[in-house]
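**Q** model this:
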Amino acid sequence: MREIIFEVLEDPTAGYTASALGFGIHTQGETVEDLKIHLRDAVECYFDESSERPAVIRLHFVRDEVMAV
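**A** Residues are numbered from 1 along each chain as shown. You can find the predicted model right below:
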């Protein structure tokens, strides 16, 4: 596998949460840098062998915006 994609949401109370698309990997961090550390650890734990581990972790930041009409 070449790449794994995480959907990242900003939570005002908990920082950032991330979920892998197509895999059962979820983690969180107070800052983006903290989140990146937790993501690397979570991916390493999820994939037993380094040959299965993706070479790239892509972060897709989702921003929910509400507008009044």
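**Q** packing partners of the helix or strand harbouring L39?
**A** Using DSSP states H and E, L39 sits within helix 32-46. The helices and strands touching helix 32-46, judged by 3 or more CB pairs under 8 Å, 6 or more residues apart in numbering; DSSP states H and E, are strand 3-11, strand 15-20, strand 26-29, strand 56-62. (C-beta placed from N, C-alpha, C; glycine too.)
**Q** change it to 6 Å
**A** If contacts are counted by 3 or more CB pairs under 6 Å, 6 or more residues apart in numbering; DSSP states H and E, helix 32-46 sits against strand 26-29.
**Q** give the buried residues for the strand it packs on.
**A** T27, Q28, G29 (16 or more other CB atoms under 10 Å).
**Q** and which of the residues you listed is nearest T13?
**A** The closest of the buried residues of strand 26-29 to T13 turns out to be Q28 (CB to CB; 10.8 Å).
**Q** what's the closest non-adjacent residue to that closest one?
**A** Of all residues not flanking Q28 in the chain, T17 sits nearest, at 4.6 Å (CB to CB, 6 or more residues apart in numbering).
**Q** and the average pLDDT for stretch 51-60 is what?
**A** The average of the pLDDT scores along stretch 51-60 is 92.
**Q** buried set for stretch 42-55?
**A** Residues of stretch 42-55 classed as buried under the neighbour-count rule (16+ other CB under 10 Å) are A42, V43, F47, P54.
**Q** hang on, the first one packs against F23?
**A** It stands for A42. No: the criterion here is CB atoms under 6 Å, and A42 misses it with F23 at 9.7 Å.
**Q** show me what F61 is bridged to.
**A** With DSSP bridges applied, F61 shows beta-bridge pairing to V8.
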